[in-house]
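fold the following, please.
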Amino acid sequence: MIVADTDVLIDFLAGREPLAGRVSDELRRANLATTVITRFEMLSGARGARELEIIGRLLDSMKTVPLDPTAADRAAAVRRGLERKGTGIGMADSLIAGIVLTVGGVLLTRNRRHFERIEGLDLVKAE
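Numbers count the residues shown, from 1 in each chain. Next up is the predicted model:
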């Protein structure tokens with residue numbers, strides 16, 4: 001399963017290539033999911049009813065992977081490990097990583113600087 005990060009979905013909605021095409025392809029294949037954290041970030045960032053509707057339709061077209069106790073525990077371990085090294089990535093990205101690691105997904109993101117620090121997290125290059 002490919003799990004889309006917030007930055008990728010924002011780029012898709014803005015029509016920025018090559019991400020717009022990549023996201024379209026994965027949606028057509030029913031191979032794209034996102035996390036409940038990204039869902040929250042997307043919906044809370046909507047500016048107005050029209051944008052909220054567009055974002056809602058996009059999110060409803062893919063599976064949303066939840067934050068369950070196993071993913072929360074994994075995210076906490078990621079966050080503790082990175083903070084011990086002085087390379088923390090923030091709570092939202094830690095939660096996203098924990099979810100993706102738990103489901104064995106591959107994260108589609110442009111934010112490689114944060115996510116490449118996480119051991120065992122598979123990334124799809126989004127450029």
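
what's in contact with the helix or strand containing Val23?
Using DSSP states H and E, Val23 maps to helix 19-28. Around helix 19-28, the neighbours that count as contacts under C-beta atoms under 8 Å, 6 or more residues apart in numbering are 2, 4, 8-9, 11-12, 14, 32, 61-62, 108, 110, 126. C-beta here means a position set from N, CA and C on the backbone, and glycine is covered the same way.

list the buried ones in that helix?
Of the residues in helix 19-28, Leu19, Arg22, Val23, Glu26 count as buried by neighbour count, 16 or more other C-beta atoms under 10 Å.

how much space between the third one and Arg29?
Counting by C-beta to C-beta, to the nearest Å, the gap from Val23 to Arg29 is 11 Å.

do the same with the first one
Counting by C-beta to C-beta, the gap from Leu19 to Arg29 is 16 Å.

quick one: the strands in this structure, in order.
2-4, 32-35, 63-65, 106-109, 122-125 (DSSP state E).

just checking, Leu58 touches Phe12?
Yes. Counting by C-beta atoms under 8 Å, Leu58 does reach Phe12; the two are 7.4 Å apart.

so for those two, which residue has more residues nearby?
Neighbours of Leu58 and Phe12, each counted by other C-beta atoms under 10 Å, are more numerous for Phe12; the result is 21 against 17.

which one is that one nearest to, not counting chain neighbours?
With sequence-adjacent residues excluded and distances taken as C-beta to C-beta, 6 or more residues apart in numbering, Phe12 is closest to Val23, at 4.0 Å.

what does Asn31 give?
Ile2 (5.6 Å).

list the contacts of Ala71.
Ala71 makes contact with Val65, Leu95, Gly98, Ile99, Leu101, Thr102, Val103, according to C-beta under 8 Å, 6+ apart.

identify the bridge partners of the closest residue to the last one other than its chain neighbours.
Nearest residue to Val103, sequence neighbours excluded (C-beta to C-beta, 6+ apart): Val65, at 5.6 Å. In this entry, Val65 is beta-bridged to Thr35, by DSSP bridges.

and the gap between Val65 and Arg110?
19 Å.
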